[in-house]
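Undergrad: please work out how this folds:
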Amino acid sequence: MRKLKTGDKVVVVSGSNKGKEGKILKVLEEKVLVEGINIVKKHLKPKKNNGNGEIVETEAPIHKSNVMLLDPKTKKPTKVKIETDNKGKKVRISKKSNEKID
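TA: This next block holds a predicted model:
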């Protein structure tokens, strides 16, 4: 089970975007793509359909160690532990408030 999943609310804890919050769009191997974080400009060459070319701003992946999950109860950054419930299913638990994370 992964500690970070698509759709989780996270906060950036280090780097140039420190303190910004966003939602995870995609989880890669060691990186995550967060909405509105680590915006880069990509220059596209001229093609038949766009005659002059263009500059597009997109999100670039950020290493998963630079983000922390937001606690659902306190809305503060928290670490995550994985435990098994009484049915034997693995669940994510917030270490700050001991709340189950969906």
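Undergrad: tell me where the model's unsure across the chain.
TA: Scanning the chain with the threshold set as pLDDT under 70 gives 1.
Undergrad: next up, the contacts around the residue nearest to the spatial centre of it.
TA: Nearest residue to the geometric centre of the chain (CA atoms, centre = their mean): Ile24, 3.5 Å. Shown in contact with Ile24 (CB atoms under 8 Å, 6 or more residues apart in numbering): Leu4, Lys5, Thr6, Gly7, Asp8, Val10, Val32, Leu33, Val34, Glu35. Just so you know, the C-beta spots here come from the backbone N, C-alpha and C atoms, and that holds for glycine as well.
Undergrad: and what of Lys96?
TA: Going by CB under 8 Å, 6+ apart, the list of residues near Lys96 reads Asp71, Lys73, Thr74, Lys76, Thr78, Lys79.
Undergrad: just the buried ones from these, in ChimeraX syntax?
TA: Selecting only the buried entries of the contacts of Lys96 in ChimeraX, with 16 or more other CB atoms under 10 Å as the criterion:
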select :71,78
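Undergrad: out of the contacts of Lys96, what pair is the most spread apart?
TA: The span of those, defined through CB to CB, is set by Lys73 and Lys79 at 14.3 Å.
Undergrad: quick one, phi/psi of the spatially closest residue to Glu99 that is not a sequence neighbour?
TA: The shortest distance from Glu99 to any non-neighbouring residue, by CB to CB, 6 or more residues apart in numbering, is to Lys73 (5.0 Å). Main-chain torsions, Lys73, degrees, to the nearest 10: phi -90, psi -50.
Undergrad: any idea how far Ile101 is from Lys73?
TA: Per CB to CB, to the nearest Å, Lys73 is found 10 Å from Ile101.
Undergrad: shared neighbours of those two, anything?
TA: By CB under 8 Å, 6+ apart, the residues touching both Lys73 and Ile101 are Ser94.
Undergrad: sorry, back to before: beta partners for the residue nearest to the centre of the chain?
TA: In this entry, Ile24 is beta-bridged to Val34, by DSSP bridges.
Undergrad: could I get stretch 37-56 in PDB with only the CA atoms?
TA: Taking C-alpha atoms only, stretch 37-56 is exported to PDB below (Å, rounded to 0.1, in the frame of the first residue of the first chain):
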ATOM      1  CA  ILE A  37       3.000  23.200  -7.800                       C
ATOM      2  CA  ASN A  38       6.400  23.300  -9.600                       C
ATOM      3  CA  ILE A  39       5.000  25.100 -12.700                       C
ATOM      4  CA  VAL A  40       7.500  25.000 -15.700                       C
ATOM      5  CA  LYS A  41       7.300  26.600 -19.100                       C
ATOM      6  CA  LYS A  42       7.500  24.300 -22.100                       C
ATOM      7  CA  HIS A  43       8.300  25.800 -25.500                       C
ATOM      8  CA  LEU A  44       6.500  24.000 -28.400                       C
ATOM      9  CA  LYS A  45       7.800  24.200 -32.000                       C
ATOM     10  CA  PRO A  46       5.700  25.600 -34.700                       C
ATOM     11  CA  LYS A  47       3.400  23.000 -36.400                       C
ATOM     12  CA  LYS A  48       0.800  23.100 -39.100                       C
ATOM     13  CA  ASN A  49      -2.100  23.600 -36.600                       C
ATOM     14  CA  ASN A  50      -0.300  26.300 -34.500                       C
ATOM     15  CA  GLY A  51       1.700  28.400 -36.900                       C
ATOM     16  CA  ASN A  52       3.900  30.400 -34.500                       C
ATOM     17  CA  GLY A  53       4.500  27.800 -31.800                       C
ATOM     18  CA  GLU A  54       3.600  28.500 -28.200                       C
ATOM     19  CA  ILE A  55       4.800  28.500 -24.600                       C
ATOM     20  CA  VAL A  56       2.700  26.200 -22.400                       C
END
